[in-house]
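In: My questions concern the predicted model and sequence given below.
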Amino acid sequence: MKKYDTIIIGSGPAGLAAAFAAQSSGNQVMILEQMPSAGRKLLASGGGRCNVSNILAPREMANAFGRAARFARHALYTYSNEKLCRFFENHGVPLELTDGFHWFPASGKAQDILNALTSCEIVTSCRAEKLLIENEQLCGVETSCGNFYAKKIVLAGGGRSYPALGGNGGCYALARQAGHSVTETFPAMVGLQCEEKWVHECAGISLPDAESRIALPGEKFRCRGELLFTHTGVSAFAVLDISGRVSELLKSGNPVPLEINLFAEHDFDFWMKTFADWQKSFPTQYVAKLLSQYMPKKLAAFLVGDPDLKVSGFSTVVRRELAAKLSALKLNISGTDGWLKAMVTRGGAALDEIDSKTLESKLVSGLFFAGEVLDVDGPCGGYNISWALASGFLTGNMVL
């Protein structure tokens with residue numbers, strides 16, 4: 001009979017952090033991992049570099065989690081970015097601010113983060129199938145490799161994002177078995193597919209600083225950064241942070257209207273003034289050629305529409321239409337690139353059934369949660385790994 005103090009399901013950043021904290025407190029800890037090796041999603045994060053955190057103070061960090069901010073606050077305060085950075089520094093992984101905001105390992109290798117967190121026995125290629133509960137007491141886990149016994153279990157198996165790296169939502173079934181509710185899940189941090197065919201023909205074109213918003217009443221959040229046109233629609237930082245909410249809205253069966261300012265620093269009035277200046281200085285030039293000073297020729301041509309349009313024939317109506325496209329390009333989102341490409345899961349184990357101070361179940365004593373398995377998701381930029389690590393360390397110190 002294989003007995004442990006604590007069994008952790010999942011070897012992502014949350015599970016590894018929980019294991020490290022529990023092991024450091026003298027617990028006999030074991031991690032169950034369904035994949036052939038540990039930490040696959042962590043190793044792929046940040047393009048293989050692993051954006052550990054960012055410079056935001058705990059309150060600002062927590063607020064970025066929107067509807068889950070209050071729940072996430074305790075873990076993020078207890079294990080702030082400062083503490084997380086110090087942890088890695090103390091374990092031989094110096095970090096650096098690559099752009100004044102994001103913390104990465106100075107080596108540029110996510111493997112160093114994985115090495116620092118690896119502290120206990122990990123049983124790989126082993127799928128957790130059922131919680132063992134006797135006389136209303138948690139006592140272990142039934143797995144594809146046999147039964148393992150412990151009175152403390154941590155569900156840290158993540159969500160449904162990146163199934164190739166292990167994201168199959170397996171911990172949701174275990175949570176439900178224990179009586180927990182799991183909210184509906186949606187792909188987040190994922191590319192968006194649109195109905196406009198001309199966008200697909202611009203695949204590969206990118207703009208460095210765009211800003212998008214969901215053009216529906218009550219949707220106030222904006223998302224800014226690089227915009228990439230793809231074979232199915234749009235992707236990159238200008239849309240990733242709102243993609244989870246778009247996924248949720250698509251459930252209605254209707255396309256979701258999006259507006260994108262292709263140049264975040266330039267508004268409608270800027271373009272109208274620019275067009276007026278063109279009329280004074282370049283009346284014989286083609287509009288598409290002048291616009292291509294700001295963007296690739298192919299995109300400029302699609303936005304202008306008429307390849308023979310000269311500035312001299314650039315009517316007020318047409319100028320206003322083009323300025324509107326540049327400052328609030330309207331796209332109808334019909335879908336997402338789905339779970340295969342989603343970096344994060346929106347939705348998960350319901351927060352009102354879990355104690356935010358300990359991350360222990362309110363329904364089953366000894367059952368804990370950490371990371372993406374919970375209904376907590378944040379924007380790009382180190383937020384989600386910060387949450388995974390902070391929640392993992394918190395849980396690991398509460399399983400004593």
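Out: Alright, I've got the coordinates. Numbering: from 1, shown residues only.

In: center of the protein - which residue?
Out: residue 344 (4.1 Å; Cα atoms, centre = their mean).

In: Show me the shaky parts of this structure.
Out: Scanning the chain for pLDDT under 70 picks out 1.

In: surely residue 36 meets residue 125?
Out: Yes - judged on Cβ atoms under 8 Å, residue 36 makes contact with residue 125 at a distance of 5.2 Å. Every C-beta, even on glycine, is put in place using the N, C-alpha and C of the backbone.

In: just checking, what packs against the helix or strand encompassing residue 76?
Out: According to DSSP states H and E, residue 76 maps onto helix 69-78. For helix 69-78, the packing partners by 3 or more Cβ pairs under 8 Å, 6 or more residues apart in numbering; DSSP states H and E come out as helix 58-63, helix 383-396.

In: could those helices go into JSON lines alongside mean neighbour count and distance to residue 368?
Out: Listed next are the helices and strands packed on helix 69-78 as JSON lines, based on neighbours: other Cβ atoms under 10 Å; distance: least, Cβ to Cβ, whole Å:
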{"stretch": "helix 58-63", "mean neighbour count": "18", "distance to residue 368": "20"}
{"stretch": "helix 383-396", "mean neighbour count": "29", "distance to residue 368": "5"}
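
In: Can you get me a residue count around residue 184?
Out: 10 (other Cβ atoms under 10 Å).

In: Spatially, what comes nearest to it if we skip its sequence neighbours?
Out: residue 347 (5.4 Å; Cβ to Cβ, 6 or more residues apart in numbering).

In: Was I right to think that neighbour contacts residue 172?
Out: No - Residue 347 lies out of contact with residue 172 (Cβ under 8 Å); the separation is 9.3 Å.

In: hmm, back to that, and residue 36 and residue 125? which has more neighbours close in?
Out: Comparing residue 36 with residue 125 by other Cβ under 10 Å, the one with more neighbours is residue 125, at 12 against 9.

In: isn't that one right next to residue 32, touching?
Out: No - the pair residue 125 / residue 32 is not scored as a contact, 10.0 Å apart, by Cβ under 8 Å.

In: ok, the residue nearest to residue 54 when sequence neighbours are not counted - contacts?
Out: Ranked by Cβ to Cβ, 6+ apart and with sequence neighbours excluded, the top spatial neighbour of residue 54 is residue 382, at 4.2 Å. Neighbour list for residue 382: 51-54, 81, 102-103 [criterion: Cβ atoms under 8 Å, 6 or more residues apart in numbering].

In: again, 10 Å this time
Out: 45-46, 50-56, 61, 81, 84, 101-104, 389 (Cβ atoms under 10 Å, 6 or more residues apart in numbering).

In: How about residue 398?
Out: 18, 21-22, 25, 152, 154, 355, 357-360, 368, 370.
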